[in-house]
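> Sharing a model prediction with you, sequence too.
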Amino acid sequence: MDEASAQIDRAAEQLDRREAPEELDDERSELVKAFRQLAVDLSQTAAQIREPDFSGLLEGTQGLSFQSWVDANEVLRELREQGFDVQPLGRH
């Protein structure tokens, strides 16, 4: 989770530095925001799981869900509807 958080944060930083055509600036901004929040969500979840009091946190868990994941995929869906070849974030 820590590695994924760092990679997502780097992707958000790179995307934030790039200019988008004016008609896509809202989507770019929303995707940066969602990626940054997803990086925080993953990092904080990883930190909490390492805490001794939370050692059983994942027992019986079949997956984790983050609103930031949903938000990023919503922006990517909007881009696909506009004709861009982007894939949704996959589950791991």
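Now that the structure is in, tell me what you want to look at. Note that the coordinates shown come from a computational prediction; the quantities given were computed from them, not determined experimentally.
> before we move on, which element is Arg91 in?
Secondary structure from DSSP states H and E places Arg91 outside every helix and strand.
> Beyond the helix or strand of the chain with the lowest mean pLDDT, next helix or strand please.
One helix or strand of the chain scores below all others by mean pLDDT, DSSP states H and E: helix 25-50, with a mean of 94. Tracing the chain past helix 25-50, the next element assigned as helix or strand by DSSP H and E is helix 67-81.
> picking up where we left off before, point out the other helices and strands that the least confident helix or strand of the chain packs with.
Contacts defined by 3 or more CB pairs under 8 Å, 6 or more residues apart in numbering; DSSP states H and E place helix 25-50 against helix 2-17, helix 67-81. C-beta coordinates here come from the backbone N, C-alpha and C atoms, glycine included.
> Looking at the ones you listed, which is nearest to Arg36?
helix 2-17 (4.7 Å; CB to CB).
> Buried residues of the closest one, list them for me.
Ser5, Ile8, Asp9, Ala11, Ala12 (16 or more other CB atoms under 10 Å).
> Ok, stretch 27-44 next?
Going by neighbour count (16+ other CB under 10 Å), the buried part of stretch 27-44 is 27-28, 31-39, 41-43.
> Looking at those residues, which one is closest to Arg18?
Among the buried residues of stretch 27-44, Arg28 lies closest to Arg18 (CB to CB), at 7.5 Å.
> Can you classify Ala20 by secondary structure?
For Ala20, the assignment made with DSSP: H, G, I helix; E, B strand; the rest coil gives coil.
> going forward, begin numbering at 252 instead of 1
Sure, I'll start counting at 252 from here, so that last one is Ala271.
> Run through the residues that contact it.
Ala271 makes contacts with Glu278, Arg279, as judged by CB atoms under 8 Å, 6 or more residues apart in numbering.
> go again using 7 Å as the cut-off
Residues near Ala271 by CB atoms under 7 Å, 6 or more residues apart in numbering: Arg279.
> what about the chain, any weak spots by pLDDT?
306-309, 311-314, 343 (pLDDT under 70).
> Measure how buried Ser316 is and give me the count.
Per other CB atoms under 10 Å, the neighbour tally for Ser316 reads 9.
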